[in-house]
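A.B. asks: could you work out the structure for the sequence below:
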Amino acid sequence: MFHFLRHLLHPLKELWVERIALFWPMWIATTVIGVWLVMWAIPQQANIQANSVPSRHHPPSRATVLAVAFLCLFLICYIAGILVWEDFTYYDNSHYTNETLVGRNVAMQILPEAGRFWPLGYEEFNLIRHVTHSIYGYHAFRIVQLLLLSGILLVLLEELSIQARVALTTLAFITPSILISFGGLIYSEPNILLSFVCLVWFVKRFGETRHTAWAVAAMISSQFMLYFKETAFLLLLGFVISRLLLRCWSVDQARWDINRLRDPESRLDLCLGFPVACFLLYYLAAMFPKYSMGYAHKFQLSLGQTIASYFQLDLLVWVLVAVVLARIFLILRRKTPPSVLWDGLALAGVGCFAGYLDLRMQSTYYLAPVDLIAVLYLGRLAILAFKNMEFRTRLCVLALVSVVLLQDLSVSAFHTYERKNVIRAKAEMARAIKARYQSDPQSVKRLFFPFTQSFHLMEFASYLNYIGVPVEGGSSVLTTSIRMVGKAIQQDGPCGYQPFVCHPGTKPDPGDLVVVLPDDLTSTDELSLYQQEGTRLLFSYHPHPLIPRWLQPEVSRLRVASPVFAREPLPGFWLSASVTVWN
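C.D. replies: Prediction:
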């Protein structure tokens, strides 16, 4: 018996020790078990009782054709906006310039010391690197996701007219959090959006047809979604619990009907709780024994700041909260019947938003799944009820839509303007430095950064090294490397999580290139110190298009959408950049 237990405990011990390295075998195993659980729990006779959805095929009207044409034109413009001025110079792009683009995989994103657990993050680019090294090739993956998502949304909203579906899809894509997510390569939100929408569609189709294949597809979608970001479990858990509660609540009798838990739909919801449990157990095991929240604490705000920021960024989510609370009140008072799918979806979104408020974390892209839910849920309710609304109610709805739309367009425009200019400025100034280095390597020995923080310095160093300018600490085989010196650097050593070496310095030496990046925190007085007489301007950049002076105060109010200047006033030389030869 002792020998048996010893043989049994040994592989379990090895499994525990290698619990992070064995992610893929464990993920596949839990997925297979989840699929088996679905096939076991849902009776096969449910397939026989399937009720087919009646055909809705009609000859397309002129309005339908125009709506589809508009959506196609919108997507073409949207994709063009994603690709214009793109390069690997944005934040966290060093994962590509120093890893996938030079033949190395991005490490699996299980980081106990930081409290991060999103193992599927960047995994798609570990595959894409074998196919292309082009910025457009990398963005092609996001574009395919965008097109798939738009197609699924059109099918998911089948009870509405084509014109209404196109309108809601368009509104969803101009929402700042969704636009930002699809516009960048570093965000996991597009993966979550596509996985979650697929999950909802599969659950909906299972409710309509009772085919087990849809239930299996829902289980697989949930497995993907959970491991793209830690907070994704709040969406799935909220969706499952809300659907179970709404289904078991008898509106007619105002009591709970526990027998509804035996329904095939309830069995599927209970099965979907299995991957959530596996995720939480795996998370606790991977983080053991420290359970650090370092990443969350690093970016944590006060509760008041978090709430105020989301009011400035995302009125839509607050409208969702208000409407959901009103709906729940009416359901409990037996004034309106619940929609298990849509009300469950809305409650999941509110739960996810509550999770970010509890963490006190704010960013322009965090709420992309919640915003998508809000557009679909609120849009569907408004469109279905619009004909029966009183005139004053219609005016109120239209006014609220106008305010939300104005905010969305403003925030999206600000972020796009800032992002595109940051990317273009850094790419052009890097090429100017490369041209000088290629013409005379001895003329580029040190780069001095008077205002740049260590993270931004590391990212710029990674891009320089990628395009052929050897930076100290990089993988270049050349014996001479360019030294990166910055006033914000405290000591000699790596600038951040990449190996590039940075050095502290208070002033430039003769012959240094003084580099001012477009996202540096500068002031006019400080900048003038590095543009003295005797210096020679090698490169300068100003944002395009220039913002009129009269509009600048309004633009400054939108800085909460900036990843750098959200808590700082916009500098006088915002998005301007320069490279100066110091004599």
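
A.B. asks: wait, what's in contact with residue 137?
C.D. replies: Residues in contact with residue 137 (C-beta atoms under 8 Å, 6 or more residues apart in numbering) are 128, 131. (C-beta placed from N, C-alpha, C; glycine too.)

A.B. asks: which SSE is it in?
C.D. replies: According to DSSP states H and E, residue 137 maps onto helix 135-156.

A.B. asks: this protein: strands as residue ranges?
C.D. replies: Assigned strands in the chain, in chain order: 110-111, 116-117, 249-250, 255-256, 446-449, 483-486, 493-494, 501-504, 513-516, 536-541, 577-581 (criterion: DSSP state E).

A.B. asks: redo those strands as JSON lines? Include mean pLDDT and distance to residue 310.
C.D. replies: Formatted as JSON lines, the strands of the chain follow (pLDDT from 0 to 100; distance: least, C-beta to C-beta, whole Å):
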{"stretch": "strand 110-111", "mean pLDDT": "91", "distance to residue 310": "26"}
{"stretch": "strand 116-117", "mean pLDDT": "92", "distance to residue 310": "22"}
{"stretch": "strand 249-250", "mean pLDDT": "82", "distance to residue 310": "30"}
{"stretch": "strand 255-256", "mean pLDDT": "81", "distance to residue 310": "34"}
{"stretch": "strand 446-449", "mean pLDDT": "95", "distance to residue 310": "33"}
{"stretch": "strand 483-486", "mean pLDDT": "94", "distance to residue 310": "34"}
{"stretch": "strand 493-494", "mean pLDDT": "90", "distance to residue 310": "35"}
{"stretch": "strand 501-504", "mean pLDDT": "94", "distance to residue 310": "35"}
{"stretch": "strand 513-516", "mean pLDDT": "94", "distance to residue 310": "33"}
{"stretch": "strand 536-541", "mean pLDDT": "92", "distance to residue 310": "33"}
{"stretch": "strand 577-581", "mean pLDDT": "94", "distance to residue 310": "31"}
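
A.B. asks: out of those, nearest to residue 328?
C.D. replies: Taking C-beta to C-beta, strand 249-250 is the member of these nearest to residue 328, at 10.3 Å.

A.B. asks: turn the strands of the chain into TSV, including distance to residue 94 and mean neighbour count.
C.D. replies: Formatted as TSV, the strands of the chain follow (distance: least, C-beta to C-beta, whole Å; neighbours: other C-beta atoms under 10 Å):
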stretch	distance to residue 94	mean neighbour count
strand 110-111	16	19
strand 116-117	17	20
strand 249-250	51	16
strand 255-256	53	10
strand 446-449	16	23
strand 483-486	13	22
strand 493-494	12	12
strand 501-504	13	18
strand 513-516	17	26
strand 536-541	21	16
strand 577-581	19	22
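
A.B. asks: which of those sits closest to residue 160?
C.D. replies: Nearest of the strands of the chain to residue 160, taken as C-beta to C-beta: strand 249-250 at 25.9 Å.

A.B. asks: coming back round to it: who wins for proximity to residue 269 among the strands of the chain?
C.D. replies: Residue 269 lies closest to strand 249-250 among the strands of the chain, at 14.0 Å (C-beta to C-beta).

A.B. asks: picking up where we left off before, pLDDT of the helix holding residue 137, averaged?
C.D. replies: For helix 135-156, the mean pLDDT works out to 96.

A.B. asks: appreciated, that's everything.
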